[in-house]
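Enquirer: Could you work out the structure for the sequence below:
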Amino acid sequence: MNIIRLELTEQEAKICDEVMKKVEETAIFLADLSPTDRLDWLRAHQYSHPISFEREIDGTVYTVYAHFSEKATETAEGKVNRILNQNITL
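Expert: Residues are numbered from 1 along each chain as shown. As a prediction, this is how the structure comes out:
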């Protein structure tokens, strides 16, 4: 197993903690639902539009659009691991 250490600013760490707290709260909420209610909740909360975001770095605005191929054979986790293994030396 590879271990990756991230150094976060205080603000980034706070955001990460808030996100993880919300994820844990949502997981507990979903665990208490019946399978039918859980699927209904997930359908109601899924993205209805492509995932995208903008970030400004040093005065340049970068826009990222996520897209998914219907013919893809690689999982998202597999792709992330492949990219990390190609670009990170331990």
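Enquirer: C-alpha from now on. contacts and neighbour counts both.
Expert: Fine.
Enquirer: right, and Phe53 touches Val64 too?
Expert: Yes. With contact defined as C-alpha atoms under 8 Å, Phe53 and Val64 form a contacting pair (5.5 Å).
Enquirer: isn't there a strand covering Tyr62?
Expert: Yes. Membership of Tyr62 in a strand is supported by DSSP: H, G, I helix; E, B strand; the rest coil.
Enquirer: where does this structure dip in pLDDT?
Expert: Within the chain, the ranges that satisfy pLDDT under 70 run 48-50, 89-90.
Enquirer: can you pull out the strands in it?
Expert: Using DSSP state E, the strands of the chain run over 52-57, 60-65.
Enquirer: now Tyr62: how far from Ile15?
Expert: Noted for Tyr62: a distance of 21 Å to Ile15, by C-alpha to C-alpha, to the nearest Å.
Enquirer: out of those two, which sits in the busier spot?
Expert: Ile15 (13 against 10; other C-alpha atoms under 10 Å).
Enquirer: Any figure for the gap between the more buried one and Arg5?
Expert: From Ile15 across to Arg5, the span is 17 Å (C-alpha to C-alpha).
Enquirer: And Val80, by the same measure?
Expert: Val80 is 16 Å from Arg5, by C-alpha to C-alpha.
Enquirer: repeat for Gln11
Expert: 17 Å.
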